[in-house]
Each structure stands twice: as structure tokens, then as C-alpha cells.
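**Student:** Kindly generate the corresponding structure for this input.
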Amino acid sequence: MSLLTYNFESQYLNNNHTITVILPDKKRDVSPEEFYLSGTKYKVLWLLHGTFGDHTDWIRKTNIELYAAEKNLVVVCPSALNSNYSNWPDAMMGYNMYDYFTKELMPLIYGWMPVSDKREDNFIAGLSMGGRGTIKFAVNYPELFSAAAVFSAVPVPFDELRPGHPCMIMDTNNPRMVQTIHNAGGFDAYINSEENVWALIDKLAPAGKLPRLMFACGHEDTLLYERYQIFQKHCTEIGLNVTWFDLPEYKHEWRFWDLAIQRALDFFGLDENGCGNPF
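**Tutor:** Residues are numbered from 1 along each chain as shown. As a prediction, the model looks like this:
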């Protein structure tokens, strides 16, 4: 494969920003001129890292480059700090990752690289924080992605965030949560924002407007696996067809995510028609 590390000044992040892009490699029986001037527009996977990570995580800790080669797939890995893939207008000079992703990164890739902008050719996946980002983009922009794979993350009902709720799942006095709610314009605005993925799924599922969805979680991923089962039950109740991938003995760990991304590429329906050069 061709591995591109690209640095540019981002309008929405207000700083220099680095992404990694995996591009299909040419087959050895094809001339460079024929390959690079073919005008081919490839399918693309937008692949999101988790908390404390960056654009190199998936490259360093999984075999995604090999898997992409086998599928003839472009893979785009941005960096998101610990932003939850949300807008943080009060952070530094403004770090608006949610807007950046759809309004800057995607147009950049479509305009400057051999990537198809057709919905059926676009997929999104991510782990942990990146899983939350994945489902957020998938349900807020269902017209952009044909399928989404969420690893070690699940939506939660925001009613449980309200102070005093007996099943309250998040400390609204936590500094990170306080800032998140502040950025949204207050608690009620947060509840009614793009962050409320559970409510958006309930709204869009009956109309069949969602991308195809896959969720994955290790059985030993404490607390999260319980939430995974709760969400699984909810999807059954609302009649949402979801693909589930969970395995015993795996925790919140890269060994599981390397297996999950392989399963996701099959779930996306990608053919093994790539190069896969052995050397």
C-alpha cells in the first residue's frame, strides 16, 4: 500500500493538523502511467481513534494496512485529541472536530485524492471514543455513509443523565461533562443536540433512513458490555436490524479491535480484489 502522512492548517481546528491516509498500491503487472492516471475513484473507510490516541493508532496497533490492501480500499485516519469528535468552541482558539470532519476533512479527501464521494462507497468505523464519534456521524449524516461499525462504544439514553435519575450513568459534575454541556449551550440544549444518538436512532429507525450498523464489544469489557446488551435489547424492541459482534475473553483492547475491523470490512461488503503485494 501507499501510506501518506499529510499535514495542513485546519480552519475548524485552528491549528496545523495531521492525518494518515492509506492508498491502494499498484499491481506489479500494471505500469505506473496506467495506474496513476486511471482516474479510478476508490471506496473509503473513515477510521477513528479512541481517547488518548491519534492518526497513527490504527496503523501501529492493527494490520489495517494489510486488510485495506486486500480490499483495494482507501482508509483515512484523522487526529481528534480527546474531543469526543465534538465541537469545543471554548477550547484554546476553538477546536471544532464535529464540524471539521464533514465540512473540511471529507471535502479535502474527495477533492484532492482518488476517493469516491458516493454514499455507497463510504464507510465509517472507530473504537471507544472513536466508536462514539462513528455512531454520532452515522446518525446525524446518514446520507454520507452506507454503513458504520462501532467498536467498544454504545449509545446511552440521555434521560439517565438528568440529576437525580436512579440509573444516572454519568457524573454531570465531572469537569469534562460540565464543559461538554457548556459547549452545547446548557443541559437542555445538550439533550436536544447531535450528541443524543439514542434519540436520533429512535427517530430515524422507523423510516429506514439509517446506514447499516454494526456494534462490537468484548465480554470482559466491564460496564460497557452491560450497556452493549441494554442497547442490543433496545434495538430489538424498536425493530432495528443491527449486526452484532462480541467475543468472550476480550476486554477494551487492541487484540479485539483488530478482529473487529476485519469483521467490519466483511460487513461492509468489500470484495477481496486488491493488490496485497507480498513484499
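
**Student:** State whether residue 81 and residue 95 are indeed in contact, as I suppose.
**Tutor:** Yes - contact criterion C-beta atoms under 8 Å: residue 81 and residue 95 qualify, at 6.9 Å. Where you see a C-beta, it was placed from the backbone N, CA and C, and this is true even at glycine.

**Student:** who has more neighbours, those two?
**Tutor:** Taking other C-beta atoms under 10 Å, residue 81 and residue 95 do not tie; residue 95 has more neighbours (21 against 17).

**Student:** right, and the more buried one touches residue 14 too?
**Tutor:** Yes - Residue 95 lies in contact with residue 14 (C-beta under 8 Å); the separation is 6.7 Å.

**Student:** What's the local residue count around residue 31?
**Tutor:** Around residue 31 there are 9 other residues, counting by other C-beta under 10 Å.

**Student:** Would you mind measuring from it to residue 76?
**Tutor:** Using C-beta to C-beta, to the nearest Å, we find residue 31 at a distance of 27 Å from residue 76.

**Student:** Do a quick rundown of the helices in the stretch 51-200 of the chain.
**Tutor:** Remark: helices assigned in the stretch 51-200 of the chain by DSSP state H, counting those that start in this stretch are 57-61, 64-71, 97-100, 106-112, 129-140, 175-184, 187-191, 197-204.

**Student:** Show me which parts of the shortest one are buried, residue by residue.
**Tutor:** It stands for helix 97-100. 97-100 (16 or more other C-beta atoms under 10 Å).

**Student:** now that helix, how far from the chain's geometric center?
**Tutor:** Centroid displacement of helix 97-100 relative to its chain, using C-alpha atoms, centre = their mean, to the nearest Å, is 13 Å.

**Student:** Would you mark the buried spots in the worst-scoring helix or strand of the chain on mean pLDDT?
**Tutor:** Within the chain, no helix or strand scores below helix 175-184, which has a mean of 77 by mean pLDDT, DSSP states H and E. For helix 175-184, a neighbour-count test (16+ other C-beta under 10 Å) marks 180-181, 183-184 as buried.

**Student:** and if you look at stretch 196-204?
**Tutor:** For stretch 196-204, a neighbour-count test (16+ other C-beta under 10 Å) marks 196-201, 204 as buried.

**Student:** same question, stretch 246-261
**Tutor:** By neighbour count on 16+ other C-beta under 10 Å, the buried set for stretch 246-261 is 246, 250, 252, 256-257, 259-261.

**Student:** Quickly name whichever of the residues you listed is closest to residue 214.
**Tutor:** Nearest to residue 214 among those is residue 260, at 8.6 Å by C-beta to C-beta.

**Student:** dump the residue contacts of that closest one.
**Tutor:** Applying C-beta atoms under 8 Å, 6 or more residues apart in numbering to residue 260 gives the contacts 127, 149, 151, 216, 245.
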